[in-house]
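K.L.:
Predicted structure and sequence below. I'll ask about it afterward.
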Amino acid sequence: MNWYLQSNETTDVAKSTRIRLARNIHGFRFNLKKKEEIEAMENKIKEGLYTIGYGLQFLRLKDMDDITKMSLVEKNLISPDFALNKNETGSILINDEENICIMIGGEDHIELQVFSCGLDLENTLNLAIEIDQKIEETLGYAVSKKYGYLTACPNNVGTALRASVMVHLPALSKTQNTNKILEAINSFGINIRGVYGENTKSTGDMYQISNQQTLGVTEKEIIQNLNVIVDKIIKQERQARKILAKDDISLEDLVYRSFGILSNCKKISSKEARDLLSNIKLGTDLGILKELTDLKVQKLYLYTKPANLQKFLGEQYEAMERDIKRAEVVKQILNE
């Protein structure tokens, strides 16, 4: 089962972990513009990375339809900017489990990404480093003895590591403590972003928590710092849930009203579904809503998103028709 459908003891708050390492191939200019240069770099990476294993498949963005590209964005496997701006030149290497996705030809030559469910920074980093070392041995990276790994954006120089954890904070939101918590952690050199990364907004009480600093620190220090911060956020969210649970009737009413709308509606938008799912996940995690399993909640999150809804049904629909089909898919998942 793919990582985005799994759950463990931390997924009540920390939904998933991502490790991203930005790398550039020695001997190629940064920010390549000419088609022939991009193809030469791409071919070298493609040929080299096929030898490292992990069941990676090479796919070009220009060979994908728009729905397929957006389905990858919705799973957080590629960034919206990469899908939109690298449509003709970008490519990816991805395995069947989709816990490894390497973006090629984006801001940097290689953006190695490894994913896992829940809060699992150490293990995810270890796998990323294992893959990264094999790539470096095969291709060779642009590295400075003084600064570390060289990147197109100076903000990533050094380790070029961006570690992030997706967190669900409905109780902090309902107790009006979200801004206070997020402002506090921002002072510790931590970024707070929306679901799809930089310049995106939070939806359904979901936030990405990631490191800012990449230079002058080790990968281990970055992970340790982020672990401490996310652990505190988890504790704060769980404490806020205890406070909410004291008013049993009001919380149960909110959860079951959300469940009632989602399970009985004839049409529903993606945004409304996300907002309702935030309450439904909260109710399921607290044991209030016993009609759902973690797996069904994860499926609802995935297959109510526009592109993955259409991939699930194998058809393309206009916005209004998608809202109708979304309601049908919800009922199908609930009745599995």
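P.N.:
Cool, the structure landed.

K.L.:
need the helix or strand of this structure with the lowest average pLDDT.
P.N.:
Least confident helix or strand of the chain, by mean pLDDT, DSSP states H and E, is helix 178-186 with a mean of 80.

K.L.:
For it, buried residues please.
P.N.:
Of all the residues in helix 178-186, those buried under the rule 16 or more other CB atoms under 10 Å are Thr178, Ile181, Leu182, Ile185. To be clear about C-beta, it is placed using only N, CA and C from the backbone, and glycine gets the same treatment.

K.L.:
so the second one sits right up against Thr175, yeah?
P.N.:
Same thing as Ile181. No. The criterion here is CB atoms under 8 Å, and Ile181 misses it with Thr175 at 10.2 Å.

K.L.:
Could you point out the longest strand of this protein?
P.N.:
Longest strand in the chain by number of residues (criterion: DSSP state E): strand 14-23.

K.L.:
other SSEs contacting that strand?
P.N.:
If you count contacts as 3 or more CB pairs under 8 Å, 6 or more residues apart in numbering; DSSP states H and E, strand 14-23 packs onto strand 110-117, helix 121-139, strand 148-149, strand 161-168.

K.L.:
If we use 6 Å, what do you get?
P.N.:
If contacts are counted by 3 or more CB pairs under 6 Å, 6 or more residues apart in numbering; DSSP states H and E, strand 14-23 sits against strand 110-117, helix 121-139, strand 161-168.

K.L.:
and it with strand 161-168, angle?
P.N.:
160 degrees (axes from the mean of the first three to the mean of the last three CA atoms, to 10 degrees).

K.L.:
and the next element down the chain from strand 14-23?
P.N.:
Downstream of strand 14-23, the first helix or strand assigned by DSSP states H and E is helix 35-49.

K.L.:
could you check the angle strand 110-117 makes with that following helix?
P.N.:
Going by the same axes, to 10 degrees, helix 35-49 makes 50 degrees with strand 110-117.

K.L.:
quick thing: my sequence starts at 26, can you match it?
P.N.:
Fine by me, first position is 26 from now on; the one you just mentioned is helix 60-74.

K.L.:
partners of the helix or strand following helix 60-74 in the sheet?
P.N.:
Toward the C-terminal end, the helix or strand that comes next after helix 60-74 (DSSP H and E) is strand 82-85. Under the criterion DSSP bridges, strand 82-85 sits next to strand 116-119 (antiparallel) in its sheet.

K.L.:
Show me what the mean pLDDT comes to for the strand it pairs with.
P.N.:
Computed over strand 116-119, the mean pLDDT rounds to 94.

K.L.:
neighbouring contacts of that strand?
P.N.:
Here strand 116-119 makes contact (CB atoms under 6 Å, 6 or more residues apart in numbering) with Glu67, Leu74, Leu81, Gln82, Phe83, Leu84, Arg85, Cys126, Ile127, Met128, Ile129.

K.L.:
returning to that earlier point: how about the helices and strands packed on strand 39-48, which one is nearest Gly52?
P.N.:
helix 146-164 (9.3 Å; CB to CB).

K.L.:
Does anything pack onto that closest one? Which helices or strands?
P.N.:
By 3+ CB pairs under 6 Å, 6+ apart, helix 146-164 packs against strand 39-48, strand 135-142, helix 244-270.

K.L.:
how about 7 Å then?
P.N.:
Packing partners of helix 146-164 (3 or more CB pairs under 7 Å, 6 or more residues apart in numbering; DSSP states H and E): strand 39-48, helix 60-74, strand 135-142, helix 244-270.

K.L.:
now the last one, how far from the chain's geometric center?
P.N.:
What it means is helix 244-270. The chain centre lies 18 Å from the centre of helix 244-270; the measure is CA atoms, centre = their mean, to the nearest Å.

K.L.:
buried stuff in that helix?
P.N.:
244, 247-248, 250-251, 254-255, 258-259, 261-262, 265-266, 269-270.

K.L.:
for the residues you listed, which one is nearest Thr309?
P.N.:
Distances from Thr309 to the buried residues of helix 244-270, taken by CB to CB, are shortest for Arg266, at 12.2 Å.

K.L.:
Roughly how far does that closest one sit from Ile206?
P.N.:
Noted for Arg266: a distance of 14 Å to Ile206, by CB to CB, to the nearest Å.

K.L.:
Next: Asp310.
P.N.:
Taking CB to CB, one finds Asp310 at 18 Å from Ile206.
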